[in-house]
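Peer 1: build the 3D model from these lines:
(chains A and B)
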Amino acid sequence: GEDVEQSLFLSVREGDSSVINCTYTDSSSTYLYWYKQEPGAGLQLLTYIFSNMDMKQDQRLTVLLNKKDKHLSLRIADTQTGDSAIYFCAEVPGNTGKLIFGQGTTLQVKP
Amino acid sequence: DVKVTQSSRYLVKRTGEKVFLECVQDMDHENMFWYRQDPGLGLRLIYFSYDVKMKEKGDIPEGYSVSREKKERFSLILESASTNQTSMYLCASRSQGFETQYFGPGTRLLVL
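Peer 2: The predicted model follows:
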């Protein structure tokens, strides 16, 4: 079945790197996504990676995809207090057009 | 920029009331979605719509219905609200042929 798993909580110090991990089950997913949700707000598309890529970098964000292990990670370099949020990993299995979300990882950044 | 708006940020309703949550998108997207978000469960799909007057059940449709009379508007209806429908409700839209979904700010519903 379709399932996306994330750890629920991560705490880092300001200036450190954060790594948020995600595992998924559907190998037919074409795109994999990272969304960010700030307190009280909706979801903001942060970045995505196409399934034939193994890495994508966008400023402080690096996405790594290991298709063999069905593992996706989001690395945030030089983490700032403004990065404190919930981060959701999501996949779109097959041609369903439906996003399947993980539970969300709450990132806490301590000054 | 894609804009998805939801009619209310916060709603308080009583058990048994009929509740309407409205979502509007301004990018002529064919597909629209309703999710609910609960702590530790992530987002779960309630209903989605591929086109005007078309709807499909998601993973948790029980207790909900939807309406899509115009392309830009997708309404979620709670026929008789119950306390277990207290949640954050998120609307999203996407263009046909593209997988990226864009989300509204959410409506936090409290059912007393």
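
Peer 1: low-confidence bits of chain B, can you list those?
Peer 2: Low-confidence segments of chain B, defined by pLDDT under 70: B:1-2.

Peer 1: span of stretch A:77-97 from start to end?
Peer 2: Start and end residues of stretch A:77-97 are separated by 31 Å (C-alpha to C-alpha, to the nearest Å).

Peer 1: before we move on, what about stretch A:97-111?
Peer 2: Taking C-alpha to C-alpha, stretch A:97-111 runs 40 Å from one end to the other.

Peer 1: flag every buried residue along it.
Peer 2: A:97-107, A:109 (16 or more other C-beta atoms under 10 Å in any protein chain shown). Just so you know, the C-beta spots here come from the backbone N, C-alpha and C atoms, and that holds for glycine as well.

Peer 1: beta partners for the residue most central in space within chain B?
Peer 2: Of all residues in chain B, the one closest to the mean position by C-alpha atoms, centre = their mean is B:Trp34, 3.0 Å from it. For B:Trp34, the beta-bridge partners under DSSP bridges are B:Tyr47, B:Cys91.

Peer 1: quick one, what contacts it?
Peer 2: Listed by C-beta atoms under 8 Å, 6 or more residues apart in numbering or on different chains, the contact partners of B:Trp34 are B:21, B:23, B:45-48, B:58, B:64, B:66, B:74, B:76, B:89-91.

Peer 1: filter the residues you listed down to the buried ones, ChimeraX style.
Peer 2: In ChimeraX syntax, the buried subset of the contacts of B:Trp34 is picked out as below (16+ other C-beta under 10 Å):
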select /B:21,23,45,46,47,48,58,64,66,74,76,89,90,91
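
Peer 1: please, which helix or strand holds the closest residue to A:Gly94 other than its chain neighbours?
Peer 2: Residue nearest to A:Gly94 in three dimensions, not counting chain neighbours: A:Ser28, with 4.6 Å by C-beta to C-beta, 6 or more residues apart in numbering or on different chains. Using DSSP states H and E, A:Ser28 sits within no helix or strand.

Peer 1: and the pLDDT for A:Ser28?
Peer 2: Note for A:Ser28: predicted pLDDT of 79.

Peer 1: same deal with A:Ile86?
Peer 2: Model confidence at A:Ile86, given as pLDDT, is 95.

Peer 1: and A:Thr105, what's its pLDDT?
Peer 2: Model confidence at A:Thr105, given as pLDDT, is 95.

Peer 1: including distance to A:Leu10, could the contacts of B:Trp34 go into TSV?
Peer 2: Output for the contacts of B:Trp34, formatted as TSV (distance: C-beta to C-beta, whole Å):
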residue	distance to A:Leu10
B:Leu21	32
B:Cys23	31
B:Leu45	26
B:Ile46	29
B:Tyr47	32
B:Phe48	31
B:Gly58	29
B:Tyr64	33
B:Val66	35
B:Phe74	34
B:Leu76	32
B:Tyr89	26
B:Leu90	22
B:Cys91	28
